[in-house]
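Undergrad: I would like to see how this sequence folds:
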Amino acid sequence: MSDENNVFDENSDILKFTDEDGNIVEMELLDMFDCDEENYAFLVLTDEDADDLFIMRYEEDGDDASFEPVEDDDLYDRLYDMFRERHGDEFGFEE
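TA: Model prediction:
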């Protein structure tokens, strides 16, 4: 997912991103929290069959927001565990 051409509306839980093929991809924002002085957003595709959790580093600069996927596996796992701990039984997690 590109952090360019994303649409972030603070009043909505749906964000729109442009993928590498130029397609608009809608994602639902599930949560946002800080870890190690960085902000992270936790999103899923709005497609009913999608169940992958996307974790992105989030930065806000005035009216602009940028999202960058977390690519470090250890950091992703740590953030994923924190998300699971925060949301308990809200979501069906695979062990």
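
Undergrad: low pLDDT regions in this structure?
TA: 1-12, 89-95 (pLDDT under 70).

Undergrad: quick one: the strands in it?
TA: 14-18, 24-35, 38-45, 54-61, 64-69 (DSSP state E).

Undergrad: Relative to Met82, which of those is closest?
TA: Among those, strand 24-35 comes nearest to Met82, with 6.6 Å by CB to CB. Heads up, the C-betas are built off the backbone N, CA and C, glycines and all.

Undergrad: what is the orientation angle of the closest one with strand 38-45?
TA: 140 degrees (axes from the mean of the first three to the mean of the last three CA atoms, to 10 degrees).

Undergrad: list the helices and strands strand 24-35 packs on?
TA: strand 14-18, strand 38-45, helix 73-87 (3 or more CB pairs under 8 Å, 6 or more residues apart in numbering; DSSP states H and E).

Undergrad: Out of those, which is closest to Asp52?
TA: Nearest to Asp52, of these and by CB to CB, is strand 38-45 at 6.9 Å.

Undergrad: Just the C-alphas of stretch 38-45, formatted as CSV.
TA: Written as CSV, here are the backbone C-alpha positions of stretch 38-45 (Å, rounded to 0.1, in the frame of the first residue of the first chain):
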residue,chain,number,x,y,z
GLU,A,38,5.8,6.0,17.3
ASN,A,39,2.1,6.0,16.3
TYR,A,40,0.6,2.9,14.7
ALA,A,41,-2.7,2.2,13.0
PHE,A,42,-4.4,-1.2,12.8
LEU,A,43,-6.5,-1.8,9.7
VAL,A,44,-8.4,-4.5,7.8
LEU,A,45,-9.6,-4.5,4.2
